[in-house]
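# what follows is a predicted protein model with its sequence.
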Amino acid sequence: MGLPALEFSDCYLDSPQFRDKIKSHEAELEKTNKFIKALIKDGKALIQALKNLSVAKRKFAESLNEFKFQCIGDAETDDEICIAKSLQEFAGVLKNLEDERGRLIENAGDVLISPLERFRKEQIGASKEAKKKYDKETEKYCSVLEKHLNLSSKKKDSHLQEADSQVDVVRQRFYEVSLEYVLKVHEVQERKMFEFVEPLLAFLQGLFTFYHHGYELAKDFGHFKTQLQISIQNTRDRFEGTRPEVESLMKKMKENPQEHQSISPYSMEGYLFVQKKSPFGSSWVKHYCTYQKESRQVTMVPFDQKTGGKIGDEEIFILKSCIRRKTDSIEKRFCFDIEGADRATIITMQALSEEDRRLWMEAMDGREPVYNLNKDNPISEGAAQLDKVGFDLMKKCIHAIEERGINEQGLYRIVGVNSRVQKLLGLLMGTADVDLESSTEWEIKTITSTLKHYLRVLPAPLMTFQLQHSFIKAAKMDNPESRLSEIHKYVHRLPEKNKTMLEITIKHLANVSSNHKQNLMTMANLGVVFGPTLFRPQEETVAAIMDIKFQNIVVEILIENYEKIFQMIPDTATVQPNPLLNSAQKKGTETKTALCSQRPLMVFQTISNENEKQNSIAISSNVSVFVPTVNAISTSKTNRQSVHSLGSGDAEACTMKLDRPNSLLNPKRKPSLTSPLPPSPSSPLSPTSPMVSAPSSPVPVSSSDSSPLSTQNRKARALYACKAEHDSELSFSAGTIFENVYSSREPGWLEGTLDGKTGLIPENYIEFL
């Protein structure tokens, strides 16, 4: 329903209905005013958005125009030329389109915003002013009228006539203003139908012009677009055709990179780490080095592959000599020294591998180092022992470190000069009395390096080869409590001297870590330093390298839980040190034969009528072992055998790792062989394979006698179950009988026949019949 018309005659009546009509028109004008105001705001936002869009598109077009394609090779095909030119074409189209949009934006203010603001201010604003005037005259007229009507009739006629004429004047003025207001309201209501809509139409016409311009540009661009699509398809087809050839070449390079190397103008080139010395220590900086044998010119460019940029200036010099660096003279591997003809100092370089060092030395005509056979020779591995001298050395070094330099930053991380370390270690292991506490002759870094070096040159690592795998396996557990419990248990399985030395070392490291705010050596940092020091693999393999991080974790746990581990007995039971570890440790690490400590400590025996029978376990001729005396008791009243309960130390020894032959090891996984755990004393035992425990007082037996392993074509019975982890091994259960058992080329293994198949058998898992 539309608005009611305002009649001029109603202005003289000024009835309530007239006033209601006026109010409806006023409400409509107010609504129109608010709408126009919001529309102007939205219009300005739209224009600003169009400006931002235009700026972004122009920036996009500039980026396209600036980029230049670089094709592989020294010439381009027509298709490649077309594709390379396409970005500039795209940029031109976008720029042309944005020029038209700029004209639209430029005119939008005059076409849309200004007319709307002018209509709102001039027309609707004028009607609001007329309303104010109308309301003022209404109030004045009503007040005068009420005052006039309140005059007494007893007033003089002249006075009354004057009052009547005054009221007539005010009434007439009220009617005039009312008529003018009604006229203005009608005028604004009519004007808004064209003055409000016309600017919107003009703005839309500008948009249509802009879009039509885009349409015309698209038509003009059609020919180049078709040509470009053809060029893109041709280029894609060529790529698909050459891709298999490139992949084939890559596979050949993977399989045999030496045969497909590109011809280089240099005799040798590649990355080397160069030692940079400073008053605060030394660092190793990665360089890309080249060498020309004819001119003997060496070029070094410091380069960081991670950032892909040079980190210094290029150095060029003439090579004078190249000498391989002695392994014991530096803590880094694969090092060699080169001397330049025009350089005063020797440069120490580290190759990426042993093979890489060999190639560099061959190219540079490198020489082997000259060894000094005098009393200052470095202490070799195995020269140090866990004896009184070693304990005194450790205690003296630790006391000096804690008294003089426990707060020194980088403690144990900063290494001492190798010659000084060797000299101090020789003095401490000799008869000389060395004052480390008050004398400033020996730097803290020299003392810390001496302590670490002593632990590294022990015949076997402090954590022992036999228990190393157990410690690492414990560190790999998911549950932190189980991890701590297992490590606690294995620490108490160490030989007594090893355990005592470890306790001294870890107590000291706990003191060092408690001052980490000053020396910056947290438990994690100490684990990194002492993990490879306390542990040492028997063979350098990829798997051993991967286990270094778990060695570090073991050291961290030892430091963090020092008091619990060394001052409390493990929860399971009292763990006795394994005497076999002591005997095996004295023999060094050169032999790879199966050690006694790797054999199960339980023996299955067939019950005989004799009261005592002594079993001898065959081992290699250079190891002495302890063989328990077994009492087998037979009773006429019962067919059951008496079983001695096992101590917890023996029970832990039942689960052991068997050394596989080196020729069968899979580098991707470590073989494991576990003998069955002993049954509890309450569980029933098999009458054919009774289990007896080793007595507490083992009888030492020399293995120098002839071993039964040398006998050919003998029968043997399995003492434990074993699952094969290689095709050359045999799987069997306890009690299995083997035929034709004889010695194998692999130390610690035999060969035998089972069910027509011949394979390898662990030597310490069988007994000869």
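Thanks, I have it. Since this is a predicted model, take the numbers as computed values, not measurements.
# what's the neighbour count on the closest residue to residue 769 other than its chain neighbours?
Ranked by CB to CB, 6 or more residues apart in numbering and with sequence neighbours excluded, the top spatial neighbour of residue 769 is residue 715, at 4.5 Å. C-betas here are computed from N, CA, C, even on glycine. The number of residues packed around residue 715, counting by other CB atoms under 10 Å, is 13.
# what's near enough to touch residue 715?
Residues in contact with residue 715, defined by CB atoms under 8 Å, 6 or more residues apart in numbering, are 737, 738, 739, 741, 768, 769.
# can you flag which of those residues belong to strands?
Counting by DSSP state E, the contacts of residue 715 place 737, 738, 739, 741, 768 in strands.
# in the stretch 551-700 of the chain, where is pLDDT below threshold?
By pLDDT under 70, the weakly predicted segments of the stretch 551-700 of the chain are 572-700.
# picking that back up, now, the most widely separated pair of the contacts of residue 715?
Greatest spatial distance in the contacts of residue 715: 739 and 768, 12.1 Å, computed using CB to CB.
# the host helix or strand of residue 356: what's the following helix or strand?
Following DSSP states H and E, one finds residue 356 within helix 354-363. Next helix or strand after helix 354-363 toward the C-terminus (DSSP H and E): helix 388-404.
# using CSV, write out the CA atom coordinates for that next one.
Below are the C-alpha coordinates for helix 388-404, written out as CSV (Å, rounded to 0.1, in the frame of the first residue of the first chain):
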residue,chain,number,x,y,z
LYS,A,388,95.0,-49.3,41.0
VAL,A,389,96.9,-47.0,38.5
GLY,A,390,93.7,-46.5,36.5
PHE,A,391,91.5,-45.8,39.6
ASP,A,392,94.1,-43.3,40.9
LEU,A,393,94.3,-41.6,37.5
MET,A,394,90.5,-41.2,37.4
LYS,A,395,90.2,-39.9,41.0
LYS,A,396,93.1,-37.4,40.5
CYS,A,397,91.6,-36.1,37.3
ILE,A,398,88.1,-35.8,38.7
HIS,A,399,89.3,-34.1,41.9
ALA,A,400,91.3,-31.5,39.8
ILE,A,401,88.3,-30.9,37.5
GLU,A,402,85.9,-30.4,40.4
GLU,A,403,88.2,-28.2,42.3
ARG,A,404,89.5,-26.0,39.4
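# centre of the chain to that helix, how far?
38 Å (CA atoms, centre = their mean, to the nearest Å).
# ok, and what's touching that helix?
384, 411, 425, 428-429, 434, 436-437, 442, 444, 447-448, 450-451, 454, 458, 500-501, 504-505, 508, 511-512.
# pull out the buried residues from that helix.
By 16 or more other CB atoms under 10 Å, the buried positions in helix 388-404 come out as 390, 393, 394, 396, 397, 398, 400, 401, 404.
# and the angle for the next helix or strand after that helix with helix 388-404?
Heading C-terminal from helix 388-404, the first helix or strand you meet, by DSSP H and E, is helix 418-429. Counting by axes from the mean of the first three to the mean of the last three CA atoms, to 10 degrees, helix 418-429 points 120 degrees away from the direction of helix 388-404.
# just the angle between the helix or strand that helix 418-429 is followed by and helix 418-429, please?
Toward the C-terminal end, the helix or strand that comes next after helix 418-429 (DSSP H and E) is helix 444-456. Comparing the axes of helix 444-456 and helix 418-429 via the same axes, to 10 degrees yields an angle of 60 degrees.
# quick one: name whatever helix or strand follows helix 444-456.
Downstream of helix 444-456, the first helix or strand assigned by DSSP H and E is helix 465-475.
# show me what that next one is packed against.
Packing partners of helix 465-475 (3 or more CB pairs under 8 Å, 6 or more residues apart in numbering; DSSP states H and E): helix 480-491, helix 548-560, helix 579-585.
# so what touches stretch 405-416?
Here stretch 405-416 has contacts from 281, 331, 401, 421, 443-450, 452, 511-512, 515, 518-521, 525-526, 529-530, using CB under 8 Å, 6+ apart.
# ok, of those, which come out buried?
For these, buried by 16+ other CB under 10 Å: 401, 421, 443-450, 452, 512, 519, 521, 525-526, 529-530.
# where in this structure is pLDDT low?
For the chain, counting by pLDDT under 70, the residues that fall below are 1, 73-74, 258-262, 370-383, 540-543, 572-713.
# in it, which helix is the longest?
In the chain, assigned by DSSP state H, the helix with the most residues is helix 197-255.
# that helix: how far from the chain's middle?
With CA atoms, centre = their mean, you get 41 Å for helix 197-255.
# also stretch 348-361?
The answer for stretch 348-361 is 29 Å, by CA atoms, centre = their mean.
# figure out which of the helices and strands packed on helix 465-475 is closest to residue 277.
helix 548-560 (27.3 Å).
# show residues contacting the helix or strand just after the closest one.
With elements assigned by DSSP H and E, the helix or strand that comes after helix 548-560 is helix 562-567. Applying CB under 8 Å, 6+ apart, the contact partners of helix 562-567 are 484, 487, 488, 491, 503, 506, 507, 510, 558.
# show me just the buried residues among the residues you listed.
Buried members of the contacts of helix 562-567, counted by 16+ other CB under 10 Å: 484, 487, 488, 491, 503, 506, 507, 510, 558.
# between those residues, which sits nearest residue 360?
residue 558 (40.6 Å).
# distance of the closest one relative to residue 398?
Distance, residue 558 to residue 398, by CB to CB, to the nearest Å: 16 Å.
# now residue 37
Counting by CB to CB, the gap from residue 37 to residue 398 is 85 Å.
# just residue 8 next, same as before
Counting by CB to CB, the separation of residue 8 from residue 398 is 115 Å.
# likewise for residue 433?
Relative to residue 398, residue 433 is positioned 18 Å away (CB to CB).
# now residue 23
100 Å.
# and what of residue 725?
From residue 725 to residue 398 the distance is 44 Å (CB to CB).
# what does residue 734 give?
In this view, residue 734 and residue 398 are 49 Å apart by CB to CB.
# CA atoms only: put stretch 102-111 into CSV for me.
Only the C-alpha atoms of stretch 102-111 are listed here, as CSV (Å, rounded to 0.1, in the frame of the first residue of the first chain):
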residue,chain,number,x,y,z
GLY,A,102,40.7,2.6,-14.0
ARG,A,103,38.4,4.8,-16.1
LEU,A,104,35.4,3.1,-14.4
ILE,A,105,36.8,3.8,-10.9
GLU,A,106,37.7,7.4,-11.9
ASN,A,107,34.2,8.1,-13.0
ALA,A,108,32.4,6.2,-10.3
GLY,A,109,32.7,9.1,-7.8
ASP,A,110,31.1,11.6,-10.2
VAL,A,111,28.5,9.1,-11.6
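# how about residues contacting it?
Contact with stretch 102-111 is made by 43, 47, 50, 51, 54, 199, 202, 203, 206, 207, 209, 210, as judged by CB under 8 Å, 6+ apart.
# for the fourth one, phi and psi?
It refers to residue 51. Backbone torsions of residue 51, given as degrees, to the nearest 10, read phi -60, psi -50.
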